[in-house]
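J.: missing the sequence, but the structure's below:
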């Protein structure tokens, strides 16, 4: 397999590894929440979608391990991959129970019951997205699920947050239709999609309604997933 991110993207995330949490905190302040809220949200979504499975799970593009460390425990066998060596070094400290890869070629093929790609694809040049997901699909075991979380470009607050974010300077957001097409084009499918993250902290009392709003294209993010045929 080739490297999953271009050299410019890898250099950017090496640069921001040490300051990522603080920058992320500033960028999501408009929601009234910190980075932990969004990581826990994804963890709980994955538990509902996948169950507490014992098959291996890979956090692809794990960064400094904010989500990876939360997946250890609910899932029995967790691994993370990121091309940023500085990010992986921090992720290992946060989730010492997980296995980490900084070399895409070292990830075993046909091995994982689920692969999570959380807010990664908008950092990948559009022309490289389909080849990347095709490579990611190869590490799935038959019947395994590939789950993609992405920012929703239909949400104006999301667009502002991304526009103001230092490490999203070169980001190109994906409409949900593109993500579904990428999953199905990688030999997976049919793809499903839920909109997520609707209410800021002042409206937290309404968050219990969010699962019933998964059809509404106003969530700040969305999750798309498909299984390996």
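T.: It's in. A quick note: this is a predicted structure, and the numbers were derived from the prediction, not measured.

J.: measure stretch 81-99 end to end?
T.: With C-alpha to C-alpha, to the nearest Å applied, stretch 81-99 spans 9 Å between its terminal residues.

J.: stretch 172-191 now?
T.: With C-alpha to C-alpha as the measure, stretch 172-191 spans 21 Å from end to end.

J.: residue closest to the middle of this protein?
T.: When C-alpha atoms, centre = their mean is applied to the chain, the residue found nearest the centroid is residue 118 (0.3 Å).

J.: next one: phi and psi at the nearest residue to that residue once chain neighbours are set aside?
T.: Leaving aside its chain neighbours, residue 118 sits nearest to residue 149 (4.3 Å; criterion: C-beta to C-beta, 6 or more residues apart in numbering). To be clear about C-beta, it is placed using only N, CA and C from the backbone, and glycine gets the same treatment. Backbone geometry at residue 149, expressed as degrees, to the nearest 10, gives phi -100, psi 130.

J.: what sits against residue 149?
T.: 42, 116, 117, 118, 119, 196, 221, 222, 223 (C-beta atoms under 8 Å, 6 or more residues apart in numbering).

J.: if you set the cut-off to 7 Å instead, what comes out?
T.: Neighbouring residues of residue 149 by C-beta atoms under 7 Å, 6 or more residues apart in numbering: 42, 118, 119, 221, 223.

J.: ok, residue 115 next?
T.: With C-beta under 7 Å, 6+ apart, residue 115 has these contacts: 58, 60, 136, 139, 140, 146.

J.: and the strand or helix carrying the first one, average pLDDT?
T.: When you say that, I think you mean residue 58. Using DSSP states H and E, residue 58 sits within strand 57-60. The average pLDDT within strand 57-60 is 98.

J.: who touches it?
T.: 67-68, 71, 75, 77-81, 112-117, 120, 136, 139.

J.: please tell me how far that strand is from the chain's geometric centre.
T.: Centre-to-centre, strand 57-60 and its host chain are 9 Å apart (C-alpha atoms, centre = their mean, to the nearest Å).

J.: now swap in stretch 211-224 and tell me
T.: Once both centres are worked out by C-alpha atoms, centre = their mean, stretch 211-224 turns out to sit 15 Å from its chain's centre.

J.: would you mark the buried spots in that stretch?
T.: For stretch 211-224, the neighbour count (16 or more other C-beta atoms under 10 Å) marks 213, 219, 220, 221, 222, 223, 224 as buried.

J.: quick check, the fifth one in a strand?
T.: Yes. Counting by DSSP: H, G, I helix; E, B strand; the rest coil, one finds residue 222 located in a strand.

J.: residue contacts, it?
T.: By C-beta under 7 Å, 6+ apart, the contact list for residue 222 reads 150, 152, 176, 193, 194, 195, 196.

J.: with that, I have no additional questions.
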